[in-house]
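Trainee: Sequence plus the predicted model coming up.
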Amino acid sequence: MPKTTHSTFCIYYHIILTVKYRKKLLNKYDAFVKSKILEVSEKNNFLIEKMESDNDHIHILVSATPRISPYQIVFLIKQYTSYELWKNYEMELGRQFWKSHMFWTRSYFINTIGSVSKEAIERYIANQGRNAIHPRF
């Protein structure tokens, strides 16, 4: 579990990014996109636990510190991968998109996950001060 001098944390995000117009481009650029996502994570202190793509979207499991917001993670991934894709494949992407320097949709899905269920936390809070058995965090 990651730690700093004064805190221990367990923060995971499940992120889904979709290619603009649902174009099936991740078949071709899958390895490149994944390598760039790993690069941006190393530069910005969050960890990619797992990632896998389908034809038109990618699932990413991220572990992060409280110092970086989920929005920042998504923004950094989208910005860096789009920039690098257009830098390396401008001619090919220019035939796919009428507006340059886009690759991802503006929207995204993000879900927080943890090691304890919501119900377990609710029970723990409800039983405070009642000599309850406390779950491990």
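Mentor: Received, thanks. Numbering: from 1, shown residues only.

Trainee: Distance-wise, check residue 109 relative to residue 14.
Mentor: According to CB to CB, to the nearest Å, residue 109 stands 8 Å off from residue 14. All C-beta atoms are positioned from the backbone trio N, CA, C, and that covers glycine.

Trainee: Looking at those two, which one has more neighbours?
Mentor: residue 14 (15 against 12; other CB atoms under 10 Å).

Trainee: Just the endpoints, please. Distance across stretch 97-110?
Mentor: End-to-end span of stretch 97-110 (CA to CA, to the nearest Å): 25 Å.

Trainee: And for it, what's in contact with it?
Mentor: 13-21, 25, 70, 74, 78, 81-83, 85-86, 90, 93-94 (CB atoms under 8 Å, 6 or more residues apart in numbering).

Trainee: Now, those that are in helices?
Mentor: Those of those mapping onto helices are 70, 74, 78, 81-83, 85-86, 90, 93-94, per DSSP state H.

Trainee: For these, give me JSON lines that also has pLDDT and neighbour count.
Mentor: Shown next, in JSON lines, are the ones in helices among the contacts of stretch 97-110 (pLDDT from 0 to 100; neighbours: other CB atoms under 10 Å):
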{"residue": "70", "pLDDT": "96", "neighbour count": "17"}
{"residue": "74", "pLDDT": "98", "neighbour count": "21"}
{"residue": "78", "pLDDT": "98", "neighbour count": "19"}
{"residue": "81", "pLDDT": "98", "neighbour count": "23"}
{"residue": "82", "pLDDT": "97", "neighbour count": "18"}
{"residue": "83", "pLDDT": "97", "neighbour count": "14"}
{"residue": "85", "pLDDT": "98", "neighbour count": "21"}
{"residue": "86", "pLDDT": "96", "neighbour count": "17"}
{"residue": "90", "pLDDT": "94", "neighbour count": "11"}
{"residue": "93", "pLDDT": "95", "neighbour count": "19"}
{"residue": "94", "pLDDT": "93", "neighbour count": "12"}
